[in-house]
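Chemist: Sequence first, predicted coordinates after that:
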Amino acid sequence: MDGGWLFIVAALVGALATYGVWASVSRRRLSVRAAELEKTLEIRTTELESARLQLQRLSTEDPLTAVANHEQFLEFLEREWRRAKRDGLPLSLIFVDVDHFRAYNRQFGRNSGDDILKQVGRALAGVVGRPGDLVARYHRDEFAIVLASTDGPGAFNISEQLRQAIHDLQMPAAKDASLPTVTASVATATAVPQRESAWEELDLIKAARHALREARAAGGNCVLRANLGMAGPPELVGRP
């Protein structure tokens, strides 16, 4: 082989060696880049899932008190009513209304009133701890609690615990209130939905809210139990 061919072969070998080094470096760079892209994709996926969960939480949560909102309450109650009708189980509903709340807002201001609602929401959630139950802000200073598979006596016991939990917060009440600390009127209604009955979950709401009005009229800081299907006013079954 003459010198010309040797030069060509040497040049080819050198070129192949250079290409091999370049290819090896490129593979490493591509591998690093792929790992970076995979990590970025994982981070973005996590962020998107977090945003989805946050949006879902905001759509079902009351922004002030961090308990369920009115819409979530209605959906949950309807679902639990159907379940109770299917399984023949009791379903209880509790309404809680902060006594003299308008007077409190007039005297101390809306920000202080909002703080009261936040503390009440936390107190209610602290009493109602089962995963199958729901605490919701129903309207302004009213809260609603759905207790699945809970009979009347059980719902009354929980109602009394809720009343006591709010009383134990020892928050100063408005000067127009009958007691020096913030209290609440509580009402409960229980039903065992029947397949052949025309009753709906809205009827349970009506019964509980009627009892709540009676509790407020009785002076507040008490628990009333609605007499479903019976004549006469709701029954005052507990008062400190």
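Modeler: That came through, no problem.

Chemist: The most centrally placed residue in the chain and residue 162: what is the separation?
Modeler: By CA atoms, centre = their mean, the chain has its centre lying nearest to residue 68, at 3.6 Å. According to CB to CB, to the nearest Å, residue 68 stands 16 Å off from residue 162. C-beta here means a position set from N, CA and C on the backbone, and glycine is covered the same way.

Chemist: Pull the contacting residues for the residue nearest to the centre of the chain.
Modeler: By CB atoms under 8 Å, 6 or more residues apart in numbering, the contact set of residue 68 is 60-62, 76, 134-137.

Chemist: try 7 Å
Modeler: The neighbourhood of residue 68, defined by CB atoms under 7 Å, 6 or more residues apart in numbering, consists of 60-62, 76, 134-136.

Chemist: Narrow the residues you listed to those in helices?
Modeler: Mapping the contacts of residue 68 onto helices (DSSP state H) picks out 60, 76.

Chemist: could the contacts of residue 68 go into TSV alongside pLDDT and neighbour count?
Modeler: Shown next, in TSV, are the contacts of residue 68 (pLDDT from 0 to 100; neighbours: other CB atoms under 10 Å):
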residue	pLDDT	neighbour count
60	88	15
61	95	16
62	96	21
76	95	20
134	97	22
135	97	26
136	97	25
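
Chemist: Could you single out the nearest of the contacts of residue 68 to residue 104?
Modeler: Proximity of those to residue 104 (CB to CB) peaks at residue 62, which lies at 18.9 Å.

Chemist: Just to check, that closest one is in contact with residue 137?
Modeler: Yes - using CB atoms under 7 Å, residue 62 makes contact with residue 137 at a distance of 4.1 Å.

Chemist: Could you name every residue contacting both of these two?
Modeler: Common contact partners of residue 62 and residue 137 (CB under 7 Å, 6+ apart): residue 69.

Chemist: want to try JSON lines for the contacts of residue 68, with distance to residue 200 as columns?
Modeler: Below are the contacts of residue 68 laid out as JSON lines (distance: CB to CB, whole Å):
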{"residue": "60", "distance to residue 200": "22"}
{"residue": "61", "distance to residue 200": "26"}
{"residue": "62", "distance to residue 200": "24"}
{"residue": "76", "distance to residue 200": "15"}
{"residue": "134", "distance to residue 200": "18"}
{"residue": "135", "distance to residue 200": "22"}
{"residue": "136", "distance to residue 200": "18"}
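
Chemist: Out of the contacts of residue 68, the closest to residue 212 would be?
Modeler: The closest of the contacts of residue 68, once distances to residue 212 are taken by CB to CB, is residue 136, at 14.5 Å.

Chemist: Could you double-check that that closest one lies in contact with residue 128?
Modeler: No - contact status for residue 136 versus residue 128: not in contact, 10.4 Å apart, counting by CB under 7 Å.

Chemist: can you count the residues close to residue 142?
Modeler: Neighbour count of residue 142, defined by other CB atoms under 10 Å: 19.

Chemist: Start at 796, not 1
Modeler: All right, first residue 796 from here; so that's residue 937.

Chemist: Please list all residues in contact with the nearest residue to it once chain neighbours are set aside.
Modeler: Leaving aside its chain neighbours, residue 937 sits nearest to residue 892 (4.9 Å; criterion: CB to CB, 6 or more residues apart in numbering). The contact partners of residue 892, by CB under 7 Å, 6+ apart, come to 936-937, 979-980, 1007, 1011.
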